[in-house]
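Asker: Give me a 3D structure for the following:
(chains A and B, ligands or ions: 2)
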Amino acid sequence: MEEIKEKWTGAVNTVTVGATEKEGGTRKSTVTIGGETTLPFLHFEGSIPYRPALALDVLDNLPEEWPEVLKEPYRDVLDNPAQWAALCEEKYGADMICLRLKSLHPDWGDTAPERAAETVQAVLEATTIPLIIWGCDDPEKDNLALPLCAQAAAGENCLIGFATEDNYKTLAVACLADHHKIVAQSPIDINIAKQVNILISEMGYKPEDIVIDPNTGALGYGIEYTYSIMERIRLAALDGDRMMAMPIICDVGFDSWRTKEAKALKEQFPGWGDEGVRGPLWEAMTAVLLLQAGGDIVNLRHPMALEKVRKQIDALMGNGE
Amino acid sequence: MALTGLDIYKLLPKTNCGDCGSPTCLAFAMKLASKQTSLDECPHVSDEARAKLGSAAQPPIRLVTIGTGDRKVELGNETVLFRHEETFYHQTALAIRLKEDDPESESRVEDINKLRFVRVGEDISVDLVALTEESGDPEKYSAFVERCRANTNLALILVSGSPDCLKAALEKAGDTRPLIYAATAGNLEEMAGLARQYSCPLAVRGKGPEETARLADRIKEIGVEDLVLDTSPASLRDELTDQVIIRRQALKRHFRPLGYPTIAFTDPNTDKFSRALEASVFIAKYAAIVVTDLSEPEYILPLLTTRQNIYTDPQKPIQMEPKLYEVGNPDRSSPLLVTTNFSLTYFTVEGEVEASRIPAYLLIVDTEGTSVLTAWAADKFNAETITRALDESGVVEKLDHKNLVLPGYVAVLSGKLEDESGWKVLVGPKEASGIPKFLKAMKKRSA
Ligand code: B12
Ligand code: SF4
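Answerer: Numbers count the residues shown, from 1 in each chain, chains lettered A, B, ... in the order given. Ligands and ions are numbered 1, 2, ... in the order given. Here you go, the predicted model:
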């Protein structure tokens, strides 16, 4: 039998998030992702120098609509993002925190941009792991708040999202000024994904500092589209396309906990089984599938999902030979 | 999949005599690869080359069936490594393992029969039970197989290392075309003999792809061709590697000894949650059968959903005929809800309307099979397309009112839609799960 290895010419960019004291920040650890020269977990064919990183979401306003199964692990800290983030680090072992500034949104509190910056600061003080800062998805509010957040976190080498095709300049300038990494988001469209990367790069921002968010569809709700777009992005990177060579972030927790199958109670759907397993599994399975398509960072919500996804990563990175 | 011109060239005489009408063997090979000529045009090709080139016409991964009748399972015949290149065709069969010595096995058969769900209008269910011999006693094992068989019409996998036990079981269930698991280096002749005698598919278990290929080749020589491969990997990492190597060897190298569907087992020594995640990896990466001992619905529903998603044809979103649908028995005062013709959207909304127990009309607008927000963003779900759908459906004749409910995510369309259509627009909830509450409140208000 002849050996069968692909001869890839490209590699995924290596991106580090977080800065230790030596590097001008206050983090005790940093996270490095990317650098793959082959498809996910195919160690026989190329190198996979870094493990995918797992972040836990922290919201800056009370997530009343969350199902009980998801609220339970955070019961006492849901109204305090700093304590919440500390719990994610200390008790649940997240590699990173993804702070979601949801309360900025006109529909969800319309809070002041300055408050967002304060929250960023509080979370940084309460934790020692790298921080992802996630806007509220209202372009106007994000453009007001994210530059303040970038400033408040200067030196910490955060990952800040997100820039889109129609709205990238303000964030790119802020990330450039305060030396943060940037998330480039596109709506499950490979051409737009590339286009956003080009636009951001043309502003003088280094393409090597971009992370792609290809937009996540949850299991049962569009994951097949995300899965294939991610495979295509990764194949393009390995074929040497520098504008597709960015590592990929998947916003899994947000999307999978919106689905009915994750939220519904066993009382309502006896045939669907225990929601205490079903909800976290819906999230974890979405994550595990997207890791197979090339995910490098996954944002999660339930601590059990984090633990079990990490166990899969261990098995796939481990010395199987 | 066809051979490349270069693959074919290697098999030609390389004399460039020109008798085929092409100036060189290479030119002829290129034409042949693109199917513009026939191999018969070359009078000098050897028998051996003819046989090899002929076999290139066969599918690179053999189609294997297990079971008979309406629950038969088809495996293999895949043509691509990535679903976006075309599609995956024969979805991973999910098998649940039952052990002979487990007193609960027989009651579990009944539970397994019930593992059927409807998602997006499709029936999704478990396909196989894997009956594992543990006693070494042919009589006991065959009795176990017979009892399980009587209680399910799912296709079977007979799992045993003992040809005697398998023979006894095949006497009872051989007519259902079970998969025999498995031939190994030690028992290859006997197992292949059983597969021949009972015309059943046979699993081949070797250590790694190389040995598995050698065993498969030997079994093929004995005359058994419906094979399923198991490389007995030691870890999840090895399993993934082996699956990828087998698929690539079959598709890219046309390496026939690995041109068969594969079977993968979840690790019984890890926790259930992790087993479910492992199974999802096998579904994504190429296993034709996944065997697991999980049978609770909270594990099986996500797995069947994974399979449905990965095996969806990326070229055509599942879509509904755009028209007026009735949920329950609506009358002239019933509400009218509007949505798109993406199947996922339709069935999500329909399910919630049904759950509300309030009969209603559902107007499905042609958005070329896209979801509400996708269609809105692509300008396929707007005041004009909704108005056209309202007019064409004739729904106005069926109702005493002119109110319609619009999905909450496209509330911005309200004003323009009211102007364009002359209907009054009520903005519904964003998520379909809010529909029952919304419809009940609406009913109360009008009562
Ligand atoms: C999968 C997907 C796609 C797939 C298409 C899937 C399909 N068949 O529709 C692909 C990759 C092709 C795609 C393409 C595009 N997409 Co798209 N896509 C998604 C994604 C990930 C999931 C959509 C989905 O399947 N949802 C599930 C279904 C069931 O949801 P739904 O139809 O909205 O129904 C729910 C509710 O609306 C409600 N509901 C439905 N009907 C009704 C009716 C009533 C009366 C009520 C009360 C409620 C109700 O119930 C349902 C469940 O709660 C979303 C992002 C996301 N995570 O949600 C983006 C998203 C919808 N896409 C988006 C965009 C922009 C596009 C493109 C225009 C991008 C581009 N420029 O190419 C294209 C357009 C394609 C085209 N030209 O046709 C944007 C829309 C942005 C916006 N807010 O306007 C989104 C939100 C992503 C984003 N954040 O940017 N997309
Ligand atoms: S007839 Fe056969 S040997 Fe002669 S050139 Fe054509 S392919 Fe080559």
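Asker: in the helix or strand hosting B:Ala213, what counts as buried?
Answerer: In this assignment (DSSP states H and E), B:Ala213 forms part of helix B:208-222. The neighbour-count criterion (16 or more other CB atoms under 10 Å in any protein chain shown) identifies B:Pro209, B:Glu211, B:Thr212, B:Ala213, B:Leu215, B:Ala216, B:Arg218, B:Ile219, B:Lys220, B:Ile222 as the buried residues of helix B:208-222. Every residue, glycine included, has its C-beta placed from N, CA and C.
Asker: near chain A at all, that helix?
Answerer: Yes. Using CB under 8 Å from any CB of the partner chain, we find that helix B:208-222 touches chain A at B:Pro209, B:Glu210, B:Ala213.
Asker: Just the closest of those to B:Ile263, please.
Answerer: B:Pro209 (13.7 Å; CB to CB).
Asker: Tell me which residue of chain B lies closest to ligand 1.
Answerer: Here chain B gets closest to ligand 1 at one residue, B:Gly428, 2.6 Å apart by CB to the nearest ligand atom.
Asker: list the contacts for the nearest residue to that residue once chain neighbours are set aside?
Answerer: Nearest non-adjacent residue to B:Gly428, counting by CB to CB, 6 or more residues apart in numbering or on different chains: B:Val405, 4.5 Å away. Contact analysis of B:Val405 by CB atoms under 8 Å, 6 or more residues apart in numbering or on different chains lists B:Pro335, B:Leu336, B:Leu337, B:Val338, B:Leu426, B:Val427, B:Gly428, B:Phe438, B:Met442.
Asker: What residues of the lowest-mean-pLDDT helix or strand in chain B count as buried?
Answerer: Scoring the helices and strands of chain B by mean pLDDT, DSSP states H and E places helix B:47-55 at the bottom, with a mean of 78. Neighbour-count burial for helix B:47-55, counted by 16+ other CB under 10 Å, picks out B:Ala49, B:Lys52, B:Leu53.
Asker: again with stretch A:186-200
Answerer: A:Ser186, A:Ile188, A:Ile190, A:Ile192, A:Ala193, A:Lys194, A:Val196, A:Asn197, A:Leu199, A:Ile200.
Asker: related to what we said a few turns ago, you'd agree the residue nearest to B:Gly428 is in a helix?
Answerer: No. Counting by DSSP: H, G, I helix; E, B strand; the rest coil, B:Val405 falls outside a helix, being strand.
Asker: Just the pLDDT at it, thanks.
Answerer: For B:Val405, the pLDDT comes out at 97.
Asker: Test of understanding: give the bridge partners of it.
Answerer: Beta-bridge partners of B:Val405, counted by DSSP bridges, are B:Leu337, B:Leu426.
Asker: And the residue of chain A closest to ligand 2?
Answerer: Closest point on chain A to ligand 2, by CB to the nearest ligand atom, is A:Glu2, at 24.7 Å.
Asker: re the thing from before, from the contact counts, what lies against the helix holding B:Ala213?
Answerer: Contact partners of helix B:208-222 among helices and strands, from 3 or more CB pairs under 8 Å, 6 or more residues apart in numbering or on different chains; DSSP states H and E: helix B:188-197, strand B:202-205, strand B:227-230, helix B:236-252.
Asker: Adding mean neighbour count and mean pLDDT, write these out as a markdown table.
Answerer: A markdown table is the format used below for these (neighbours: other CB atoms under 10 Å in any protein chain shown; pLDDT from 0 to 100):
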| stretch | mean neighbour count | mean pLDDT |
| --- | --- | --- |
| helix B:188-197 | 18 | 97 |
| strand B:202-205 | 25 | 98 |
| strand B:227-230 | 26 | 98 |
| helix B:236-252 | 23 | 96 |
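Asker: quick one: which of the ones you listed is nearest chain A?
Answerer: helix B:236-252 (3.2 Å; CB to the nearest CB).
Asker: Just after the closest one, pick out the following helix or strand.
Answerer: strand B:263-265.
Asker: Strand partners (parallel or antiparallel) of that next one?
Answerer: Its sheet considered, strand B:263-265 pairs with strand B:289-292 (parallel) by DSSP bridges.
Asker: The very next helix or strand once past the strand it pairs with packs against which elements?
Answerer: Proceeding N to C from strand B:289-292, the next assigned helix or strand is helix B:297-310, under DSSP H and E. Judged by 3+ CB pairs under 8 Å, 6+ apart, helix B:297-310 is in contact with helix A:223-238, helix A:260-263, helix A:275-293, strand B:93-99, strand B:116-119, strand B:122-125, helix B:272-284.
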